[in-house]
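Student: sequence unknown, structure follows:
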């Protein structure tokens, strides 16, 4: 079964840290760029971070640059998003996503992250 499954969301205080995981199955994970998106209530989907297939290059939205880190382990078919110095505006549902040559866009079900005191 082709799928991405996120985990690790939850409630965190401002200034705190959280790490999201995304487990992949059913497709050749190591071939594709991976992305983290987020969607806050009432707002559009935002690209948060991306990482190339080998992990050699990463990109971040200005809003998270220097605070978030995307990484992957192709041997474990897993993607992570380390989030530090979190702010209330980081509150959103976070999704991992990839574009497969054969399957098209593949999205996870999302994981809720809430930053609040």
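Tutor: Happy to help now that I have it. Everything numeric in this text was worked out from a predicted model, so none of it was measured. Numbers count the residues shown, from 1 in each chain.

Student: contacts and neighbour counts: CA atoms only from here.
Tutor: Will do.

Student: What residues sit buried inside stretch 108-117?
Tutor: Going by neighbour count (16 or more other CA atoms under 10 Å), the buried part of stretch 108-117 is 108, 110-116.

Student: can you check stretch 4-14 too?
Tutor: For stretch 4-14, using 16+ other CA under 10 Å, the buried residues are 4-7, 9, 12, 14.

Student: Touching that stretch from outside, list them.
Tutor: 18-25, 85-88, 95-97, 106-117 (CA atoms under 8 Å, 6 or more residues apart in numbering).

Student: How far off centre is that stretch?
Tutor: Centre-to-centre, stretch 4-14 and its host chain are 10 Å apart (CA atoms, centre = their mean, to the nearest Å).

Student: before we move on, the earlier item: restricted to strands, list the buried residues of stretch 4-14.
Tutor: Of these, the ones assigned to strands by DSSP state E are 4-7, 12.

Student: Now flag whichever of these is closest to residue 34.
Tutor: Distance to residue 34, by CA to CA, is smallest for residue 4 among those, at 10.7 Å.

Student: Residue 82 and residue 36 touch, don't they?
Tutor: No. Contact criterion CA atoms under 8 Å: residue 82 and residue 36 do not qualify, at 11.0 Å.

Student: more neighbours, these two?
Tutor: Just comparing residue 82 and residue 36: by other CA atoms under 10 Å the higher neighbour count belongs to residue 36, 25 against 14.

Student: who touches the more buried one in this structure?
Tutor: Here residue 36 is in contact with 47-50, 81, 94-97 (CA under 8 Å, 6+ apart).

Student: Which strand or helix spans it?
Tutor: Element membership for residue 36, per DSSP states H and E: strand 34-39.

Student: Next secondary structure after that strand?
Tutor: strand 46-51.

Student: Please work out how many residues are found near residue 96.
Tutor: 30.

Student: thinking it is in contact with residue 105, fair?
Tutor: No. If you go by CA under 8 Å, residue 96 and residue 105 don't touch, sitting 10.6 Å apart.

Student: Need the max-distance pair from the buried residues of stretch 4-14.
Tutor: Using CA to CA, those reach their maximum pairwise distance at 4 and 14, which is 27.9 Å.
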